[in-house]
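J.: here's a sequence, model it:
(2 chains)
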2 protein chains.
Amino acid sequence: MSAEKARGIWAAILTPVDAQGAIDTVRWARHARWLLKKGCHGLGVFGTTGETQSFSVAERQAGLEALLATGLPAERLMVGIGCCARSDTLALARHALAHGCRRLLALPPFFYKNVSDEGLFKSFAELIEGLGDERLELFLYHFPQVSAVPITAGLIGRLLEAYPLTLRGLKDSSGDLAHTTGLIRSFPSLAIFAGNDGDLLEVLKAGGAGTISAAANLNAAASRHVFDAFERRDMAAATAGMEKVEKVRKALEALPMIPALKAVIAHGLRDPEWRRVRPPLVELDAEALGSLLAALDAAGYAYDPEG
Amino acid sequence: MSAEKARGIWAAILTPVDAQGAIDTVRWARHARWLLKKGCHGLGVFGTTGETQSFSVAERQAGLEALLATGLPAERLMVGIGCCARSDTLALARHALAHGCRRLLALPPFFYKNVSDEGLFKSFAELIEGLGDERLELFLYHFPQVSAVPITAGLIGRLLEAYPLTLRGLKDSSGDLAHTTGLIRSFPSLAIFAGNDGDLLEVLKAGGAGTISAAANLNAAASRHVFDAFERRDMAAATAGMEKVEKVRKALEALPMIPALKAVIAHGLRDPEWRRVRPPLVELDAEALGSLLAALDAAGYAYDPEG
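T.: This is a model prediction of the structure:
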């Protein structure tokens, strides 16, 4: 068991793809390094923002190996493993652990809806016991708007009671700050992250771990600034810093997030390859990109390729 | 291109599992044969009722091979192939085609919600063109309550225009008869099946293909009786026959369908192994089974293991 509780600013890193729809590991590793340079404590690899479910288990395993082979430290990654099929989730988890990634973020099996906590408990129990690996640090992923399978407080409590050393945290992408702070109060031993970086400061004040956000793919530096100010208890600077976090988030919020983030990076790097997304997502059109760039500009944000 | 348009009574066959959570191919093949004997024109293998998403691509491929190895005719199967990842869907489709199964039923990629028709069109186009196999007879699977990604009429029209020889039909599990008959009117070249066997006769009257239903795992004979009466234009017998279809459907409708069907078969065969489901589903409890058996009895239904 690692003593350290996860904290800080994590980017739910985008996954660039090549013309054949395969993971573009060169652009991916470059972006990962840029994010760490911009202040990310860690990277949430293969999350929702990473278009993860569009890749097979084998593609995800090969991608992770390629990323690690560039020298990216395994301890700064949190790897998404949750699939619908137990054997897929197990295979991804075993592979990540074997490659030194201990922090694993698990969606519940998300095909069947309105399933019981009992059924979800069994799914996670099968995963934990199937792995039987004490290195595992499991984070649950609550994203009801996309997975349509919520992780309830009752389920968290039951898993924590059964697996207190393994269950380490949760990413709450509900976008509901009251829900996030409620979980922080109920489960003080867990590292609770918000998916919405606009909630960063309130989450930190409540005792939460930080954020694992999509917008951090552009704007991690602003979140890190807030985090560091909070750490030195400079609440005025932390509060002021949230303004920049919020402005970028607001510029993005009306748009399809993944295509929008990729388009801004493509524009910033003058690298149109970056725009590509996997179906069923579609690329941002030129008009939407133009409005977004104007909104980011008005927010005082400019993508800085040099970091 | 096969000339024959799919029609009739198809069961969305359950997938029995063993104590390790693997597909129990012996019980599966026995149930498949029983369903054909009971009057099913064909079997929808690896659909929602088959707990399909709980199995990996490799498990599904091995399962299909084992089923076919028992002598079950490939032309009487419609094989579910739709996954979130293109490479998984492609692998399943290639495998099924290589084993003589031409009729493939595809969910859309179902992780991302609120995706555009453009994105879904690209997903299906990538599948069809990636296969490049003129044996393919593609059926789309509309099940918004579970997949949460609807197949719109606009998408169907666009796919039909682009791939008129490949797109052959659709399973409409919306449970909305008006929606089903609307699709039948709009797309007369397609074989449109309802997922709800209570809609069977109305679907047939409208010119639809029939049903691919969960309840047929118990009650296919009643649906076949209606179908045959309709075929000989004995509308009185067809209408009367719907009563038995409806009664069984109503006994099941308030319950979690998959555990309920498995529990009734387990009871009928005196084979408790049949009760088993994969998490996140949970087995039907004894009290619910007792009520269900009483309701089926009141409906005049008895599971007949001998067929």
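J.: show me what counts as buried in the helix or strand hosting A:Leu155.
T.: Here A:Leu155, judged by DSSP states H and E, is contained in helix A:153-162. Going by neighbour count (16 or more other Cβ atoms under 10 Å in any protein chain shown), the buried part of helix A:153-162 is A:155-156, A:158-160. Placement of C-beta: from N, CA and C, glycine included.
J.: widest-spaced pair of those?
T.: Distance extremes for those: the farthest pair is A:Leu155 and A:Leu160 at 9.5 Å, using Cβ to Cβ.
J.: adding distance to chain B and pLDDT, write the buried residues of helix A:153-162 out as JSON lines.
T.: Output for the buried residues of helix A:153-162, formatted as JSON lines (distance: Cβ to the nearest Cβ, whole Å; pLDDT from 0 to 100):
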{"residue": "A:Leu155", "distance to chain B": "11", "pLDDT": "98"}
{"residue": "A:Ile156", "distance to chain B": "15", "pLDDT": "98"}
{"residue": "A:Arg158", "distance to chain B": "14", "pLDDT": "98"}
{"residue": "A:Leu159", "distance to chain B": "13", "pLDDT": "98"}
{"residue": "A:Leu160", "distance to chain B": "18", "pLDDT": "98"}
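J.: how about the helix or strand bottoming out on mean pLDDT in chain A, does it reach chain B?
T.: One helix or strand of chain A scores below all others by mean pLDDT, DSSP states H and E: helix A:144-147, with a mean of 93. Yes - counting by Cβ under 8 Å from any Cβ of the partner chain, chain B has neighbours in helix A:144-147: A:145-147.
J.: from chain B, how far out is A:Leu293?
T.: 22 Å (Cβ to the nearest Cβ, to the nearest Å).
J.: for A:Val17, that is, sorry about that
T.: Distance of A:Val17 to chain B, computed by Cβ to the nearest Cβ: 11 Å.
J.: ditto for A:Glu129
T.: Between A:Glu129 and chain B the distance, using Cβ to the nearest Cβ, works out to 12 Å.
J.: same thing with A:Arg30?
T.: A:Arg30 is 24 Å from chain B, by Cβ to the nearest Cβ.
J.: phi, psi of that residue?
T.: phi -60, psi -40 (degrees, to the nearest 10).
J.: burial measure for it, as a count.
T.: Using other Cβ atoms under 10 Å in any protein chain shown, A:Arg30 is surrounded by 16 other residues.
J.: and A:Ile81, by the same measure?
T.: By the measure other Cβ under 10 Å, the count of residues near A:Ile81 is 29.
J.: got a list of what it touches?
T.: Listed by Cβ atoms under 8 Å, 6 or more residues apart in numbering or on different chains, the contact set of A:Ile81 reads A:46, A:89, A:92-93, A:96, A:104-106.
J.: what does chain A put close to chain B?
T.: A:21, A:48, A:53-59, A:84-88, A:91, A:108-113, A:115-116, A:118-120, A:122-123, A:126, A:145-149, A:278-282.
J.: can you flag which of those belong to helices?
T.: A:57-59, A:86-88, A:91, A:118-120, A:122-123, A:126, A:145-147 (DSSP state H).
J.: buried ones from these, can you make that a ChimeraX selection?
T.: The buried residues among those can be selected in ChimeraX (16+ other Cβ under 10 Å) with this line:
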select /A:57,59,86,87,88,91,118,119,120,122,123,126,146,147
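J.: now, among the ones in helices among the residues of chain A next to chain B, which is nearest to B:Glu246?
T.: Set against B:Glu246, the nearest of these by Cβ to Cβ is A:Gly119 (29.2 Å).
J.: surely that closest one and B:Arg278 touch.
T.: No - with contact defined as Cβ atoms under 8 Å, A:Gly119 does not reach B:Arg278; the gap is 9.1 Å.
J.: what mean pLDDT does the lengthiest helix in chain A get?
T.: Determined from DSSP H, the single longest helix within chain A is helix A:235-253. Mean pLDDT, helix A:235-253: 97.
J.: same for it, what does it pack against?
T.: helix A:200-205, helix A:216-231, helix A:286-298 (3 or more Cβ pairs under 8 Å, 6 or more residues apart in numbering or on different chains; DSSP states H and E).
J.: kindly recompute the last result at 10 Å.
T.: helix A:200-205, strand A:210-213, helix A:216-231, helix A:257-269, helix A:286-298 (3 or more Cβ pairs under 10 Å, 6 or more residues apart in numbering or on different chains; DSSP states H and E).
J.: send the alpha carbons of it over as CSV?
T.: Extracted as CSV, the C-alpha positions of helix A:235-253 are listed here (Å, rounded to 0.1, in the frame of the first residue of the first chain):
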residue,chain,number,x,y,z
MET,A,235,-6.8,32.5,-0.4
ALA,A,236,-6.9,35.9,-2.2
ALA,A,237,-4.6,34.6,-4.9
ALA,A,238,-6.4,31.3,-5.1
THR,A,239,-9.8,33.0,-5.4
ALA,A,240,-8.4,35.5,-8.0
GLY,A,241,-6.8,32.6,-9.9
MET,A,242,-10.2,30.8,-10.3
GLU,A,243,-11.3,33.6,-12.6
LYS,A,244,-9.0,32.4,-15.3
VAL,A,245,-10.0,28.7,-14.8
GLU,A,246,-13.6,29.7,-15.0
LYS,A,247,-13.3,31.9,-18.1
VAL,A,248,-11.7,29.1,-20.1
ARG,A,249,-14.2,26.5,-18.9
LYS,A,250,-17.1,28.8,-19.8
ALA,A,251,-15.7,29.3,-23.3
LEU,A,252,-15.7,25.6,-23.8
GLU,A,253,-18.8,24.5,-22.1
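J.: and the angle from that helix to helix A:216-231?
T.: 160 degrees (axes from the mean of the first three to the mean of the last three Cα atoms, to 10 degrees).
J.: quickly list what's touching both of A:Gly119 and B:Arg278.
T.: A:109, A:112 (Cβ atoms under 10 Å, 6 or more residues apart in numbering or on different chains).
J.: any idea of the pLDDT on the closest residue to A:Ala162 other than its chain neighbours?
T.: Nearest residue to A:Ala162, sequence neighbours excluded (Cβ to Cβ, 6 or more residues apart in numbering or on different chains): A:Ala125, at 6.7 Å. For A:Ala125, the pLDDT comes out at 98.
J.: now swap in A:Gly307 and tell me
T.: pLDDT, read off for A:Gly307, is 62.
J.: can you check A:Gly182 too?
T.: 98.
J.: could you say which helix or strand contains it?
T.: Short version, using DSSP H and E: A:Gly182 is in helix A:177-186.
J.: ok now that helix, how far from the chain's centre?
T.: 18 Å (Cα atoms, centre = their mean, to the nearest Å).
J.: low-confidence stretches in chain A?
T.: A:1-3, A:307 (pLDDT under 70).
J.: tell me the centre residue of it?
T.: A:Ala12 (3.1 Å; Cα atoms, centre = their mean).
J.: what's the most buried one of the helices and strands packed on helix A:235-253?
T.: Among the helices and strands packed on helix A:235-253, strand A:210-213 has the highest mean neighbour count (mean count of other Cβ atoms under 10 Å in any protein chain shown), at a mean of 30.
J.: partner strands of that one and their direction?
T.: strand A:8-12 (parallel), strand A:191-194 (parallel) (DSSP bridges).
J.: chain center to the longest one, what's the gap?
T.: Once both centres are worked out by Cα atoms, centre = their mean, strand A:8-12 turns out to sit 7 Å from its chain's centre.
J.: now it against helix A:257-269, angle please.
T.: Going by the same axes, to 10 degrees, strand A:8-12 makes 100 degrees with helix A:257-269.
J.: returning to that earlier point: now the helix holding A:Gly182 against helix A:153-162, angle please.
T.: Going by the same axes, to 10 degrees, helix A:177-186 is angled at 30 degrees with respect to helix A:153-162.
J.: so which bits of helix A:177-186 are buried?
T.: Going by neighbour count (16+ other Cβ under 10 Å), the buried part of helix A:177-186 is A:177, A:179-181, A:183-184.
J.: same question for stretch A:71-78.
T.: A:72, A:74, A:76-78.
J.: thinking again about what came up before, may I have the least confident helix or strand of chain A as CSV, with CA atoms only?
T.: Taking C-alpha atoms only, helix A:144-147 is exported to CSV below (Å, rounded to 0.1, in the frame of the first residue of the first chain):
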residue,chain,number,x,y,z
PRO,A,144,-23.8,9.7,-14.8
GLN,A,145,-24.4,12.0,-17.8
VAL,A,146,-22.2,9.8,-20.0
SER,A,147,-22.0,6.4,-18.4
